[in-house]
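**Q** Sequence plus the predicted model coming up.
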Amino acid sequence: MTGSMKTPGVYIAERDAFPDGVVAVETAIPAFVGYTEKADDQGKSLFCKPQRIASLADYQHYFGAGPSPRLIIAEKPDGPEQADFTVTGRDGKSAGYTLRQADGKDGGRYLLHTAMRHFFQNGGGSCSVVSVGNYGQDLDRGCFCKGVDALLEEPEPTMLVIPEAVLLAPSDCAALQQKMLDHCGYAMKNRIAILDIPAGDRPRNDPAGDPVARFRESIGSDFLDYGAAYYPWLDTAIIGRDEIDYRNIGPTDVLQTLLRREVTLPEADGEISSRQEAILQAIAAIGKDLGKAEAATLHRTLLGAGFLYGAILDAARATLNRMPPCAAMAGIYAMVDAARGVWKAPANVKVAGAVAPAVALSTKDLEDLNVPLSGKSVNAIRSLPDGSVMVWGARTLDGNSLDWRYINVRRTEIMLRQSCALAVKAYASEPNMANSWVEVKSMLDTFLTGIWKRGGLAGAVPGDAFAVHCGLGDSMTAEDVSNGVLRVCVEVALARPAEFLSIKVEQKMQKP
């Protein structure tokens with residue numbers, strides 16, 4: 001300042017009162033990987049290229065609409081399996097039938113579009129989408145792995161979600177989920193994987209085997225603290241009544257035969273009514289190639305013809321609406337982060353758009369899911385007496401770890417580590433001396449005090465919640481300074497959820 005004083009007068013100098021600030025990184029940006037109708041941005045291909053979106057409209061602009069599913073009618077086999085619908089013929093006899101979605105591309109068996117709808121229903125917002133193929137292709141583990149690798153150059157996502165992983169063969173699904181954990185815990189270290197249980201719509205005592213036990217055996221033992229799994233799947237109401245009609249049901253001749261059985265016809269020498277004739281004509285038109293308006297009219301006619309057609313469509317919607325919960329959980333993570341902060345456990349929260357869990361869980365089931373002998377905790381989703389569907393667990397897969405047992409603890413640590421690292425980068429070329437050390441310490445102290453005030457750190461006072469060490473003889477040696485190494489040590493007391501609440505009630509003697 002003195003060197004610039006050449007004329008008598010008053011000179012004003014400004015001094016910074018505050019150190020540089022630390023900006024908390026975003027914590028609720030999932031990356032979805034899956035198959036889409038298209039992947040196009042005004043003629044530019046987006047296949048295997050992460051694309052940021054903020055709404056379902058954005059998704060449909062870049063990646064198109066959902067698939068056209070195909071569901072197959074079959075007679076119910078002998079055994080404990082329940083029929084999806086029952087047909088009673090004119091002779092009074094009843095027969096049970098099942099309705100299953102055709103496998104692979106022929107059945108439109110792709111989940112990403114419906115999963116994205118569930119994500120936004122549950123509070124999801126900004127996210128990235130990686131399309132690894134279109135609806136004309138079979139699901140392939142190699143394509144999913146390429147989509148995961150495409151995220152290696154994307155620093156922003158904090159969650160990795162692949163809803164269609166559970167549609168792969170068991171060995172391929174296990175390998176892909178291990179790849180997800182490796183990506184999150186080894187390659188990136190700044191995100192977690194939200195995993196589903198293959199065959200998670202089946203009970204623990206299923207004749208084919210316990211799906212949770214199979215998952216625990218197949219998931220391996222690496223980077224479990226960077227993953228969380230949920231069971232069971234969910235029966236949802238995502239796909240509405242107007243999204244399915246006769247064109248989604250097959251075989252056509254079987255559907256026609258069943259619908260004709262519901263029509264009450266007179267004896268051989270009697271005449272059919274005009275209404276009966278119209279219904280039979282409508283049934284005969286099911287297999288014809290009709291325009292959009294004609295198909296809609298036929299659909300309404302069939303709905304008014306009797307009970308069976310509506311029952312078949314209800315069964316079809318129930319099949320399509322049974323979803324793995326990973327996308328809904330990604331939305332819940334985002335909603336909880338926005339409302340309370342990343343340090344709030346994403347549990348004891350209602351799942352929007354869910355009608356019921358696919359499997360009712362007993363108390364014994366809940367105990368084994370949360371605290372298993374293997375330590376591989378699986379978070380339960382259960383139905384409460386009031387009918388609400390609630391997330392009932394907040395553990396990572398590394399349930400035996402005292403450090404990283406809880407999802408919110410791991411995610412908070414990631415947020416703090418990333419935020420502090422980005423802030424300290426600004427000092428990469430600064431002199432490695434006391435002035436810089438004081439500025440770094442002051443900057444991080446201010447940031448962590450703010451987190452503590454918002455409830456993100458445990459402790460009655462800031463000194464109990466965190467400590468920042470930066471300086472010669474504190475975090476660095478003379479050799480570190482000579483080598484140009486600036487070391488910062490941050491210790492934090494992360495808030496853990498009150499997972500087990502104990503209430504003790506004692507009787508007290510009455511006072512006279």
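**A** Sure thing, it's come through.
**Q** drop to CA atoms for contacts and neighbour counts, all remaining ones
**A** OK.
**Q** what sits against Ile73?
**A** Listed by Cα atoms under 8 Å, 6 or more residues apart in numbering, the contact set of Ile73 reads Tyr97, Thr98, Leu99, Arg100, Ile249, Gly250, Pro251, Val254, Leu255.
**Q** ok, then the element right after the particular helix or strand that has it in it?
**A** Taking DSSP states H and E as the definition, Ile73 sits inside strand 71-75. With elements assigned by DSSP H and E, the helix or strand that comes after strand 71-75 is strand 85-88.
**Q** Adjacent strands (with direction) for the strand holding Ile73?
**A** Paired strands of strand 71-75, with direction, are strand 94-101 (antiparallel), strand 249-250 (parallel) (DSSP bridges).
**Q** contact partners of the lengthiest helix in the chain?
**A** Counting residues, the longest helix in the chain under DSSP state H turns out to be helix 434-453. Residues from elsewhere that reach helix 434-453 (Cα under 8 Å, 6+ apart): 19-23, 420, 424, 427, 430, 457-458, 462, 465-471.
**Q** One more: stretch 168-175?
**A** Leu139, Asp140, Arg141, Ala165, Val166, Leu167, Pro198, Phe215, Ser218, Ile219.
**Q** May I ask which of those residues has the most neighbours?
**A** Ala165 (27 neighbours; other Cα atoms under 10 Å).
**Q** show me what contacts that residue?
**A** Cys173, Leu176, Gln177.
**Q** and it, how far is that from Asp201?
**A** Distance check for Ala165 against Asp201: by Cα to Cα, to the nearest Å, it reads 14 Å.
**Q** same check, this time on Ala354
**A** On the measure of Cα to Cα, Ala354 and Asp201 end up 14 Å apart.
**Q** Looking at these two, which one has more neighbours?
**A** The residue with more neighbours, out of Ala354 and Asp201, is Ala354; 26 against 19, by other Cα under 10 Å.
**Q** burial of the spatially closest residue to the more buried one that is not a sequence neighbour, as a residue count?
**A** Leaving aside its chain neighbours, Ala354 sits nearest to Thr236 (4.2 Å; criterion: Cα to Cα, 6 or more residues apart in numbering). By other Cα under 10 Å, the residues close to Thr236 number 24.
**Q** Where does the closest residue in space to Met188 that isn't next to it in sequence sit: helix, strand or coil?
**A** For Met188, ignoring the flanking residues on the chain, the nearest one in space by Cα to Cα, 6+ apart is Leu152 at 7.1 Å. Following DSSP: H, G, I helix; E, B strand; the rest coil, Leu152 is assigned to helix.
**Q** quick one: the nearest residue to Ala328 once chain neighbours are set aside and Pro30, what's the gap?
**A** Distances taken as Cα to Cα, 6+ apart place Phe119 nearest to Ala328, at 4.7 Å, with adjacent residues excluded. As judged by Cα to Cα, Phe119 and Pro30 stand 10 Å apart.
**Q** Need the overlap of contacts for the two.
**A** Contacts common to Phe119 and Pro30, judged by Cα under 8 Å, 6+ apart, are Ala330.
**Q** Tell me the first helix or strand C-terminal of the longest helix of the chain.
**A** helix 462-465.
**Q** Endpoints of stretch 220-234, how far apart?
**A** Start-to-end, stretch 220-234 (Cα to Cα) is 25 Å.
**Q** Residue ranges of each domain in the protein, please.
**A** Following automatic domain parsing, one gets these domains for the chain: 30-66+110-238+322-407, 71-104+240-320, 430-512.
**Q** Ala285: neighbour count?
**A** With other Cα under 10 Å as criterion, Ala285 counts 14.
**Q** what secondary structure does it sit in?
**A** Under three-state DSSP, Ala285 comes out as helix.
**Q** and Gly220, how far is that from His183?
**A** Separation of Gly220 from His183 (Cα to Cα): 14 Å.
**Q** between the two, which one's more packed in?
**A** Ranked by neighbour count (other Cα under 10 Å), Gly220 and His183 place His183 first, with 24 against 15.
**Q** quick revisit: which SSE is immediately downstream of the helix or strand containing the residue nearest to Ala328?
**A** Here Phe119, judged by DSSP H and E, is contained in helix 112-121. Next helix or strand after helix 112-121 toward the C-terminus (DSSP H and E): strand 127-134.
**Q** so what does that following strand touch, helix or strand wise?
**A** Where contact means 3 or more Cα pairs under 8 Å, 6 or more residues apart in numbering; DSSP states H and E, strand 127-134 is packed against strand 30-36, strand 51-53, helix 141-149.
**Q** one more time with 6 Å
**A** Applying 3 or more Cα pairs under 6 Å, 6 or more residues apart in numbering; DSSP states H and E, we find strand 127-134 packed against strand 30-36, strand 51-53.
**Q** Mean neighbour count, the ones you listed: which tops it?
**A** strand 30-36 (a mean of 28; mean count of other Cα atoms under 10 Å).
**Q** What strands line up against it, and which way round?
**A** strand 127-134 (parallel), strand 159-161 (parallel).
**Q** pLDDT wise, what is Lys508 at?
**A** You'll see Lys508 listed with a pLDDT of 69.
**Q** just so I have it, where are all the strands in the stretch 251-400 of the chain?
**A** 322-323, 349-350, 354-357, 379-383, 389-391 (DSSP state E, counting those that start in this stretch).
**Q** Now mean pLDDT too, for these, in JSON lines please.
**A** Output for these, formatted as JSON lines (pLDDT from 0 to 100):
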{"stretch": "strand 322-323", "mean pLDDT": "96"}
{"stretch": "strand 349-350", "mean pLDDT": "96"}
{"stretch": "strand 354-357", "mean pLDDT": "96"}
{"stretch": "strand 379-383", "mean pLDDT": "96"}
{"stretch": "strand 389-391", "mean pLDDT": "96"}
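**Q** mind checking which of the ones you listed is nearest Met329?
**A** strand 389-391 (8.6 Å; Cα to Cα).
**Q** Packing partners of the closest one?
**A** For strand 389-391, the packing partners by 3+ Cα pairs under 6 Å, 6+ apart come out as strand 349-350, strand 379-383.
**Q** how far does the longest one sit from the chain's center?
**A** Right, the one you point to is strand 379-383. With Cα atoms, centre = their mean, to the nearest Å as the basis, strand 379-383 stands 14 Å off its chain's centre.
**Q** Can you list the neighbours in contact with that strand?
**A** Tyr230, Tyr231, Val389, Met390, Val391, Trp392, Gly393 (Cα atoms under 6 Å, 6 or more residues apart in numbering).
**Q** quick one: contacts for Asn370?
**A** Shown in contact with Asn370 (Cα under 6 Å, 6+ apart): Ser377, Val378.
**Q** Which pLDDT value goes with it?
**A** Asn370 is given a pLDDT of 92.
**Q** Then Glu14?
**A** With respect to pLDDT, Glu14 has a value of 62.
**Q** circling back to that earlier point, closest one to Glu413 among the domains of the chain?
**A** domain 430-512 (7.8 Å).
**Q** Can you get me the centre-to-centre distance for the closest one and its chain?
**A** 31 Å.
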